[in-house]
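**Student:** Sequence first, then the predicted structure, then my questions.
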Amino acid sequence: MQSEKEDEEDASPEEYLALCSFTGSDSDQLTFSSGDRLLVHVKTSSDWWWAELQGDKGYAPACYLRQGATEEVEDASLEDPWQDEEYFGSYGTLRLHLEMLSDKSRTKAYQQVVLSNSASLRSKVVMDLGCGTGIISLFCAQLAQPSVVYAVEASSMAEYTRQLVKQNGCEEVVTVLQGRAEEIELPEQVDILVSEWMGNCLLFEFMVESVLLARDRWLREGGVMWPSSAALTLVPCQANSYFAENMAFWERPYGLDFTPLQPLAQQEFFTKPKFSHLIEPDDCLSTPCDVIFLDMYTLKVKDLEEIEGQFQFCVKKSGFFHGFTAWFTVYFESLEAEGAAVELNTGPDSEPTHWKQTLFMLDRPVSVNAGDSISGSVLLRRNPIWRRHMTVTLHWKINGNTQETDNCQANILFSLYT
Ligand SMILES: N=C(N)NCC[C@H]1O[C@@H](n2cnc3c(N)ncnc32)[C@H](O)[C@@H]1O
């Protein structure tokens, strides 16, 4: 591999600054510290570059590198690391709100939460964080009798939300406040903090940070968080059609041999997550398992920097191990002592949601047999500069139960940003 890269290397490599430390997870990945200056020889893909540090060469994650001198990094901090203009700009138009409102599983789950707790919501003070068009606040006013709902929305959608509240006769109960939840002032503490904050792989967008800051500032002692907890679920899976469409395709297109393009296809298509993947239950090679659990009462903002979960899967049927699929479930505890929780499960056994699932492909498929074990860990690491982004690193190892399965292991790193 190194020799291939060497003859691809351009004459004038570019100098990049490491914005944070990275530990390479196998022989062809570089390890470097924040502040190191790397020479980038080949930008092999949008996510991985072939670089050099003090004579060592290997792949480096592009999102960790920034071109130019140190003062540029200070400039980076002057740029908005939350990219709020773009982020809240996107929520100022209807496209994303239409997608969320059209998602019946998601929206009806919140409606069910309000409905099944309507008696206990009487006279309560509610905060709907990131209310968007105000749908959850309108459910509260329509299906229960809270004393007030503070509907907080940072984007320009807030002015329309006010109109919707009036249009639906809820202005007595619902007060719309435009601003970031962590910056606005409320006249009182709240009994319930409800929010629909989940992004791809649960955490992408990191709106959850705003929810935690608002919890610490506005949720009264003994108040309720909706969702109350969240779980990220993982399963090793086959992805035959995705693999066929993006890799096998190059075997004999129109009777020609295009296989020299397969390494390019692997880099271009399989080194980034596939959002909105719909896994068939049959594609699961094992029983899915929750690898990360978040308690919304105890979770702290600093915990979000790195969240790690372990897994151990027993392969239940032979097939091709193409990758891992991830999804999440959030739970809404009942306001009544013995009441049943409501859950919103975005996995393959539930009605599809707009999040669907996320597929992480291996560099190359491994054939596995029933009884083999796939163990390892998943690490969600928040981007130290771009605060709505994160990387997902999957370390995995196969212990074959039979001679046929070659015992192998690898680590794959993915960057989650649009
Ligand atoms: N992944 C999601 N559920 N995104 C929903 C995001 C909704 O919450 C709004 N929002 C996100 N963060 C905040 C915040 N800190 N303060 C107020 N509104 C917010 C955003 O404008 C959009 O209407």
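**Tutor:** Thanks, I have the structure now.
**Student:** Now His277. Nearest residue, chain neighbours left out?
**Tutor:** What sits nearest to His277 in space, not counting adjacent residues and going by C-beta to C-beta, 6 or more residues apart in numbering, is Leu359, at 3.9 Å. From N, CA and C alone the C-beta is placed, and that goes for glycine too.
**Student:** try Phe269
**Tutor:** Leaving aside its sequence neighbours, Phe269 sits nearest to Asn246 (C-beta to C-beta, 6+ apart; 4.3 Å).
**Student:** close enough to count as contact, the one you found and Lys272?
**Tutor:** No: contact criterion C-beta atoms under 8 Å: Asn246 and Lys272 do not qualify, at 11.6 Å.
**Student:** Low-confidence regions, this protein specifically.
**Tutor:** 1-11, 68-79, 406, 417-418 (pLDDT under 70).
**Student:** Which positions in it make contact with the ligand?
**Tutor:** 88, 91, 130, 132, 152-155, 157, 180-182, 196-199, 205, 207, 210 (C-beta under 6 Å from any ligand atom).
**Student:** Just give the number of residues close to Leu129.
**Tutor:** By other C-beta atoms under 10 Å, the residues close to Leu129 number 27.
**Student:** Quick check: bridge partners of it?
**Tutor:** Taking DSSP bridges, one finds Val152, Ser195 as the beta-bridge partners of Leu129.
**Student:** Who are the contact partners of it?
**Tutor:** Counting by C-beta atoms under 8 Å, 6 or more residues apart in numbering, Leu129 touches Val152, Ala181, Leu193, Val194, Ser195, Trp197, Ser210, Val211, Ala214.
**Student:** at 6 Å what do you get?
**Tutor:** Val152, Ala181, Ser195, Val211, Ala214 (C-beta atoms under 6 Å, 6 or more residues apart in numbering).
**Student:** and if you look at Leu94?
**Tutor:** So Leu94 contacts nothing (C-beta under 6 Å, 6+ apart).
**Student:** ok but Ile136 is inside a helix, no?
**Tutor:** Yes: counting by DSSP: H, G, I helix; E, B strand; the rest coil, one finds Ile136 located in a helix.
**Student:** Which one of the contacts of Leu129 is nearest to the ligand?
**Tutor:** Nearest to the ligand among the contacts of Leu129: Ala181, at 3.8 Å, using C-beta to the nearest ligand atom.
**Student:** Make a PyMOL selection of the buried ones in the residues of the chain next to the ligand.
**Tutor:** This is the PyMOL syntax for the buried subset of the residues of the chain next to the ligand, where burial follows 16 or more other C-beta atoms under 10 Å:
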select buried, resi 88+91+130+132+152+153+154+155+157+180+181+182+196+197+198+199+205+207+210
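**Student:** Check the contacts of Leu129 and tell me the two furthest apart.
**Tutor:** Across the contacts of Leu129, the longest distance by C-beta to C-beta is 10.8 Å; it joins Val152 and Val211.
**Student:** Of the residues of the chain next to the ligand, which belong to strands?
**Tutor:** Cross-referencing the residues of the chain next to the ligand against strands under DSSP state E gives Val152, Glu153.
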